[in-house]
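Participant: This is a predicted model, with the sequence first.
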Amino acid sequence: MTDARRAAFRRGHAAERLCVWSLRLRGYRVLARRFRVPAGEIDLVARRGRVIAAIEVKARGSFDAAAEAVTQRQRRRIGRALEHFLGTRPDLAGLDLRFDVMLVAPGRLPRHIRDAWRIES
């Protein structure tokens, strides 16, 4: 792994920790971090009330750059990973599902975009 790649990896983990703090302060309970299956991965899975949110964390130099980094392919992979996650947690059946993005930029608090996209049926 190159030094640049290692630094990006560390920045991503730091951004996730910052987002976990932000979510907890606003009443969310984080159910999983970095949930991975062959079909995809979810950075954070959190619950607040009757809502389960699959959250993609993007850290870039600006909020705009972070928002543009969430691709359609990633969205599909996150959707498939959420299906796997819910399959392991029958206690969560019947709750509302949502896909969120948390954007992280240097020197700013994370920006939480709720219901950032929907899975096409």
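Facilitator: Happy to help now that I have it. Only a predicted model underlies this, so the values are computations on that prediction, with no experimental measurement involved.

Participant: Kindly provide the distance from Leu18 to Glu68.
Facilitator: For Leu18, the distance to Glu68 (Cβ to Cβ, to the nearest Å) stands at 20 Å. Backbone N, C-alpha and C define where each C-beta goes, glycine included.

Participant: okay, the two: which has more neighbours?
Facilitator: Leu18 (16 against 11; other Cβ atoms under 10 Å).

Participant: what helix or strand is that one on?
Facilitator: Assessed by DSSP states H and E, Leu18 sits inside helix 3-25.

Participant: which of the residues in that helix are buried?
Facilitator: Residues 12, 15-16, 18-20, 22-23 are the ones in helix 3-25 that count as buried (16 or more other Cβ atoms under 10 Å).

Participant: And it, what does it pack against?
Facilitator: Where contact means 3 or more Cβ pairs under 8 Å, 6 or more residues apart in numbering; DSSP states H and E, helix 3-25 is packed against strand 29-37, strand 40-48, strand 51-59, strand 96-104, strand 111-117.

Participant: okay, those, which one's buried deepest?
Facilitator: Neighbour counts (mean count of other Cβ atoms under 10 Å) averaged over each of the helices and strands packed on helix 3-25 peak at strand 51-59, with a mean of 23.

Participant: which parts of the following helix or strand past that strand are buried?
Facilitator: Heading C-terminal from strand 51-59, the first helix or strand you meet, by DSSP H and E, is helix 63-68. For helix 63-68, burial by neighbour count (16+ other Cβ under 10 Å) applies to 63, 66.

Participant: Show me the contact partners of the helix or strand following helix 63-68.
Facilitator: Following helix 63-68 in sequence order, the next helix or strand is helix 72-88 (DSSP H and E). Outside helix 72-88, the residues within contact range by Cβ atoms under 8 Å, 6 or more residues apart in numbering are 32, 35-37, 39-42, 45, 52, 54, 56, 92-93, 97, 99, 117, 119.
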